[in-house]
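Participant: can't give you the sequence, but here's the structure:
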Ligand SMILES: Nc1ncnc2c1ncn2[C@@H]1O[C@H](COP(=O)(O)OP(=O)(O)OP(=O)(O)O)[C@@H](O)[C@H]1O
Ligand SMILES: Nc1ncnc2c1ncn2[C@@H]1O[C@H](COP(=O)(O)OP(=O)(O)OP(=O)(O)O)[C@@H](O)[C@H]1O
Ligand SMILES: [Mg+2]
Ligand SMILES: [Mg+2]
């Protein structure tokens, strides 16, 4: 029987909260260096918009990584879908936006099946498969766009990327306040109910002392964000999409068979297969889900920019992968959370935003970004090395 | 006791010679589609020059992949080193070229140690480490170059990229003929000696019938290349560098402890560690070797172009990785040959060259490249699955 | 769109730009300047200019940004700038960041101007004078533009060679096919000014990343095919021209096969005086960024009005002022007057010691 | 008529080169604990994998509750009420206890996992097993014993009628084992049939109602447990003349080659000592046997001496008459002349994708270097061929891929690798595991030859006859400690002596 160590493990404490700490350090530094510009109402709203596309990609990219795979095609793929949407909108103006959205999702499902087939059923390494398909996506994008920039997009697609919640009163962003309040109340109610049940089931000690501060912190944060956005332009639809997708996929990953299998496959593929999990099928499902989520990101992207270009999305997969790693997803699979990945990507966006506010030389921006990534991976590896008992690799 | 199957295995035959077949198909198609332009003296010489940079990278990239790692930073790294060389040459014209070369190699060794430290000793995933460092390399390149295109380079660096073997007579590329003849004689002598020894040791049946045609084919090919190059400009130093490095690293990988260990680590890291191999140290060595080889590629690159740009090398790592995979290196590690990787990369260069001769739409160029990669990986996976099935799973 | 934009500027938006474009500016009010939008504006020393730049990976953009920095210093206005690394979405974000920092004038320049339309418009809605560094021609939103027309520049790239009425085989090397509208317009211009020549087009290639090494490969392939019968290789920029000339150099054809480029890189100027490159196009040099920045400030302050400029049309179909600055073809004959006299490079730099 | 819940008739199962099961008949009654015993490689696990539907290519018939069945996969056997707990743990370390218990059998309501139900049920199951862990704990944070219980909880959750436990107590300390046995009795009393595989004969006798003995893939006999004593069980299991197997050895025993004192290994993850206060020595030309149950810590002892464990090690090492630093890594150990050949040849022994020659010379490449840098293939291949001949490795060529060899021959390649380093001290961990009797004989002869050359050999083995037949001295390990040491120079120690010391029946 393992005894729980009573000695406080400072490193563990640091590691568990590393994301929060990183955020605090980064936010604090930027606030100082930008002379208070960073934590302004408008900048925080901007930051959320700027990080939305890649954060949406990270939502399922993290699950893909958790299964021990990868997707190097996400960026070019996003670019291609954005181009498809823009082309239909521009060339066939009579097609309702909603139909365009459906067409994009249909294409996404097909490509998802394609990737899932190769990776899941043919058991080929995802790294190379997606490296190959990204070239194909780029080629298709180039072919259909002829290298031109295509836009503008309208209707719900434009709204998805660029619209804000409407106001009832017409003078205040009242809907934002209401929605924010509802979310906070729901969060508190949900958490309290869950904890009570846990205690009843004897799974938790009655440790409200620990939970309440955490809950309060999150509620206050949420309230602050709401108020901030309220005093600017309110919730953008893109933020709501990011938020809702994060909640849904997070919930799915924790509360459905599919989600559990994703972690199981990443944890130990063979043991998972022995437990009766159809690994190929689950991977297929995951790639389809991932394709649909990336398609959503593509719509947000093209809506926000109002135009699609052939170069669109180039490198976004790396931003998302980086965000996942910074947010605690193990690149070797098995560990990670959706919320962490999204937070990690947003932190990377905050990094970009802050450095650009500081008007830092772009050369240094690259170096800082590389450094943060290196730090995150080293931290994670150190933490898991502490655990893993391996035969000494001499 | 395993019996050798007497039935001819058509697929195996195809697979073992897939690279040759691919080359024949590609060469044949291009020859037709370019109206005989492809297989001209001058074009083949060009093709070798165009493929040289990435092929040199592939020489050690393939070893890195064989150990189960990767290097995503090679392209940006090459760009940075090229810039360093060009800057020194242009700003400090008095520094002899050879010193510049030494400085570049010194930097290479340092970065090789850096990568080897993280991947070998800290056991961090190479994928993320090199993803992080490539950002750093790009940042440094941008910082030192200030976005400028820097050139021209002179002296031995220019020769490395752009020079051809001198002629003794002054009218013919006599040195090329002599060198070519020597190589062919050496090859035949070496192969015959090896086979004789093999037969003496009882490792080979007396199967000259099989060996002689193969030997003849290679000798004829080599002779053809020699004559072709002879009738154009002779051997370029870049080709000689590629050739010599390929031979050396190939030889090292087959005939030294280090080479054996590379394959052993890729085949089974744990077993390697228990067999007295210092895995961390060998990885460190490999990354240093790789960095030096990439540095050589950087010098060839900057010498050929006579200028360096901030965007230089962008994407070359993918070309090299693709070439390795096409040339039979298993992306999962353990299997592959240096010569195959170089041949694969040259085939990809031939693909680019041929498509450009055909003036193919850039969109299709991307799609064809992706398709060839997909085909190569599927073929490899299918072949190794077939093998795995016949391995006795005791 | 029904964005809930801040109320303050909401009503004025649609007309203001158009108004100022057609009507002379109001008389300066006694209590302060009346600026470009008919409203009181800040005094010159309080102005903050934001520059949103697409890249610093090419020499030209680094240089011109430096000129803008210098002009702002000379004029005593504050400048902040950001570089987007050729990522349109990132650039849109950076424009938001600049606006958040309270800039008064925005100067932007992007590969894919359409992709920053929303951000530009939002900046305008915040009362910022939105200037686009190049002609917009309906591609994006702007209140003020300038520069040289991509199509015209395209024409200038090949003009010198086109005027020679050459015959024989020519090949084109274009930039990155994913590079947006500008690249397509360059291409059109290049082709058009070659119309008079009775030439055989033996190849057209698009170059990923504008990579000179790739361009060099293309040139080699053509040389292999056509050798001496090649008359010209027409390149879209100087980097690729450098690659092509390297290839010609290797075949002993440098100086014999005509090559052109654009951007007026130092290396290109050196090649021009050496005779291996026919021409380049100095689009801006140090003069254009200076004139444009000054014009932006003057227009902002109401010192100059739409009447002082030509016209362009933004993505909302509004007519906006356009500060025309034609590109200059640089050849061996005029390099002293154009490049060296303008202080772009020194005589020593161009001609060597 | 007997109330058989399960009848397996004339089961034959072939692997390439191995007849793992040869016309086996095996019947289980309702509500009994039926023990299945036999030596390593007797075919116990294979028989159970046939039953659980993992293997489908066997001949013979399966009758469940009087009906003929054939399972095409684990899911089907589970549906029929059969649950198996494998010899190797099948849990996913990164998931929680609760998630593991329900893996593959998630309880869902309208697509969502019913956590309430799962937690309640998991707690119920864990309580039943007297395992006091929170179902939300990650399995990776549990000890091996606790993980074993989680496996059982997972099986119980399937509401099975027949529960197969393949060496469930092997990794468990005594108390936990007792706990588990109690649990098994409880399940039986509720009417479940349990097939119980174990090498711990004491607990077999205490828990089983019926015992079936397997030997070399064949059923020896099935009799009520009370008719057996440990002696009769063992002779049933071993059952063959050992004289021909082990030839007497008459080489002189020399100086102490290697000696460890107060040697302990601490496993940082599970927070426990896996090897404790070991004092052991081996002399030149001597073969010592290291006996003990699976999980006794022999492997860890061997690996820690070899320098191949990351865990905290304490203790003194004396090598060839001199006190020295512990080996920091395998490289150092091999250079000094110590070699450890792993029990897990696939994971730690061979590079399956490489050929025999590569594998055999991997640890001794230094010996074949000429010109200071390059490997001299003549020398290398010559030596490898010599080894292939000497060890009688059956292969068409030394360039055959190791992965294409049969298990016994793979084992011999491992031995070749060890011998080519010309060790002074050789630690062989389960060197004869999974290989046939002929090959075993050859290996024993080889060990004799090596001893004659003055090599000191530590032979870790779970096969008692082998230990008894070949060792000059025998150490018995139990729960990380040495529980007994026997002088076997006269080959007079009996299996009972060792077995008792290993299972804790007697302390010497
Ligand atoms: N997948 C396989 N392929 C080939 N042979 C196998 C395979 N699995 C087992 N064998 C062989 O079948 C025989 C029986 O093995 P099995 O695992 O059933 O033994 P066991 O009685 O369970 O032994 P232990 O006590 O070591 O668990 C052995 O000779 C083994 O080498
Ligand atoms: N990978 C591991 N992680 C944690 N504990 C382990 C691990 N492997 C073994 N153990 C534990 O270490 C102890 C000793 O195991 P070890 O494998 O050394 O036993 P052994 O006597 O060699 O048995 P075997 O007969 O299997 O070779 C056991 O308590 C076991 O549970
Ligand atoms: Mg077994
Ligand atoms: Mg063991």
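Facilitator: Noted; the coordinates are in hand. Quick caveat, the model's predicted, so the values are computed rather than measured. Ligands and ions are numbered 1, 2, ... in the order given.
Participant: who touches the nearest residue to residue D:318 once chain neighbours are set aside in this structure?
Facilitator: Nearest residue to residue D:318, sequence neighbours excluded (C-beta to C-beta, 6 or more residues apart in numbering or on different chains): residue D:259, at 4.1 Å. For glycine as for every other residue, the C-beta is placed from the backbone atoms N, C-alpha and C. Each residue near residue D:259 by C-beta atoms under 8 Å, 6 or more residues apart in numbering or on different chains is listed here: D:280-282, D:317-319.
Participant: hmm, 10 Å instead?
Facilitator: With contacts defined as C-beta atoms under 10 Å, 6 or more residues apart in numbering or on different chains, residue D:259 is in contact with D:279-283, D:316-321, D:323.
Participant: Make TSV out of the residues you listed and add neighbour count.
Facilitator: As requested, the contacts of residue D:259 are exported to TSV (neighbours: other C-beta atoms under 10 Å in any protein chain shown):
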residue	neighbour count
D:279	14
D:280	19
D:281	16
D:282	26
D:283	20
D:316	14
D:317	20
D:318	15
D:319	22
D:320	17
D:321	9
D:323	10
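Participant: In a markdown table: those, plus secondary structure, pLDDT and distance to residue C:91.
Facilitator: Shown next, in a markdown table, are those (DSSP: H, G, I helix; E, B strand; the rest coil; pLDDT from 0 to 100; distance: C-beta to C-beta, whole Å):
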| residue | secondary structure | pLDDT | distance to residue C:91 |
| --- | --- | --- | --- |
| D:279 | strand | 94 | 73 |
| D:280 | strand | 94 | 71 |
| D:281 | strand | 93 | 74 |
| D:282 | strand | 94 | 73 |
| D:283 | strand | 94 | 78 |
| D:316 | strand | 92 | 68 |
| D:317 | strand | 93 | 65 |
| D:318 | strand | 92 | 71 |
| D:319 | strand | 92 | 68 |
| D:320 | coil | 89 | 72 |
| D:321 | coil | 86 | 75 |
| D:323 | strand | 90 | 70 |
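Participant: Tell me if residue C:203 really is in a strand.
Facilitator: Yes. Under DSSP: H, G, I helix; E, B strand; the rest coil, residue C:203 sits within a strand.
Participant: who's the residue nearest to it when sequence neighbours are not counted bridged to?
Facilitator: Excluding the flanking residues, the one nearest residue C:203 by C-beta to C-beta, 6+ apart is residue C:171, at 4.0 Å. On the basis of DSSP bridges, residue C:171 is bridged to residue C:203, residue C:233.
Participant: Could you count how many residues lie near residue C:171?
Facilitator: 27 (other C-beta atoms under 10 Å in any protein chain shown).
Participant: quick one, domains of the chain?
Facilitator: Using chain A here. Chain A breaks down into these domains under automatic domain parsing: A:38-163+A:236-361+A:378-393, A:167-235.
Participant: Hmm, no, I was thinking of chain D.
Facilitator: Domains of chain D are assigned by automatic domain parsing as D:4-238, D:253-337+D:423-508.
Participant: which secondary structure element contains whichever residue of chain D sits closest to ligand 4?
Facilitator: Here the residue of chain D nearest ligand 4 is residue D:299; by C-beta to the ion that distance is 3.1 Å. Secondary structure from DSSP states H and E places residue D:299 in helix D:298-306.
Participant: Run the chain-centre distance for that helix.
Facilitator: Offset of helix D:298-306 from its chain centre (C-alpha atoms, centre = their mean, to the nearest Å): 15 Å.
Participant: I'd like the average pLDDT over that helix.
Facilitator: Averaged over helix D:298-306, pLDDT sits at 91.
Participant: what pLDDT, on average, does stretch A:180-195 get?
Facilitator: 87.
Participant: contact partners of it?
Facilitator: So stretch A:180-195 is contacted by A:173, A:203-204, A:206-208, A:211-212, A:214-216, A:218-230, A:234-235, A:243, A:247, D:115 (C-beta under 10 Å, 6+ apart).
Participant: Regarding the residue nearest to residue D:318, what is its secondary structure?
Facilitator: strand.
Participant: Quick check on whatever residue of the stretch 101-250 of chain D ends up closest to chain B: phi, psi?
Facilitator: Per C-beta to the nearest C-beta, the residue of the stretch 101-250 of chain D with the smallest distance to chain B is residue D:217, at 14.6 Å. The phi and psi torsions at residue D:217 (degrees, to the nearest 10) take the values phi 80, psi 10.
Participant: How about the contacts made by it?
Facilitator: Neighbouring residues of residue D:217 by C-beta under 10 Å, 6+ apart: D:11-14, D:18-24, D:38, D:41-44, D:46-47.
Participant: Which among those residues count as buried?
Facilitator: Buried members of those, scored by 16 or more other C-beta atoms under 10 Å in any protein chain shown, are D:11, D:13, D:18, D:20-22, D:24, D:38, D:41-44, D:46-47.
Participant: Centroid-nearest residue for chain C?
Facilitator: Among the residues of chain C, the one closest to the centroid is residue C:134, at 5.1 Å (C-alpha atoms, centre = their mean).
Participant: Am I right that that one sits in a strand?
Facilitator: No. Residue C:134: not assigned to a strand; according to three-state DSSP it is coil.
Participant: who touches it in this structure?
Facilitator: Counted by C-beta under 10 Å, 6+ apart, residue C:134 has contacts C:108-110, C:113, C:140, C:142, C:145-150, C:153, C:182, C:283-284, C:292, C:312.
Participant: circling back: now do the residue nearest to residue C:203 against residue C:40, distance only.
Facilitator: Using C-beta to C-beta, to the nearest Å, we find residue C:171 at a distance of 57 Å from residue C:40.
Participant: Next: residue A:143.
Facilitator: Counting by C-beta to C-beta, the gap from residue A:143 to residue C:40 is 52 Å.
Participant: Between the two, which is the more surrounded one?
Facilitator: More crowded of residue A:143 and residue C:40, by other C-beta under 10 Å: residue A:143, with 18 against 13.
Participant: Check which helices and strands the helix or strand in which that one is found is in contact with.
Facilitator: Per DSSP H and E, residue A:143 falls inside helix A:126-145. Where contact means 3 or more C-beta pairs under 10 Å, 6 or more residues apart in numbering or on different chains; DSSP states H and E, helix A:126-145 is packed against helix A:41-66, helix A:74-91, helix A:97-116, helix A:279-305, helix B:316-326, helix B:362-390.
Participant: angle of the fourth one against helix A:97-116?
Facilitator: The one in question is helix A:279-305. With axes from the mean of the first three to the mean of the last three C-alpha atoms, to 10 degrees defining the directions, helix A:279-305 sits at 140 degrees from helix A:97-116.
Participant: In chain A, which residue sits nearest ligand 1?
Facilitator: residue A:270 (13.4 Å; C-beta to the nearest ligand atom).
Participant: helix/strand/coil for that residue?
Facilitator: Relying on three-state DSSP, one would call residue A:270 helix.
Participant: quick one: it from residue A:277, how far?
Facilitator: For residue A:270 relative to residue A:277 (C-beta to C-beta), the value is 10 Å.
Participant: higher neighbour count, these two?
Facilitator: Neighbours per residue, other C-beta under 10 Å: of residue A:270 and residue A:277, the larger number sits with residue A:277, 21 against 12.
Participant: show me the contacts for that one.
Facilitator: A:257, A:260-262, A:264-265, A:269, A:271, D:92, D:103-104.
Participant: ranking the residues you listed by neighbours, who comes first?
Facilitator: Neighbour max across these (other C-beta under 10 Å) = residue A:262, 29 neighbours.
Participant: Please name the nearest non-neighbouring residue to residue 341.
Facilitator: I'll assume chain A. The shortest distance from residue A:341 to any non-neighbouring residue, by C-beta to C-beta, 6+ apart, is to residue A:62 (3.5 Å).
Participant: other chain: chain D
Facilitator: residue D:418 (4.8 Å).
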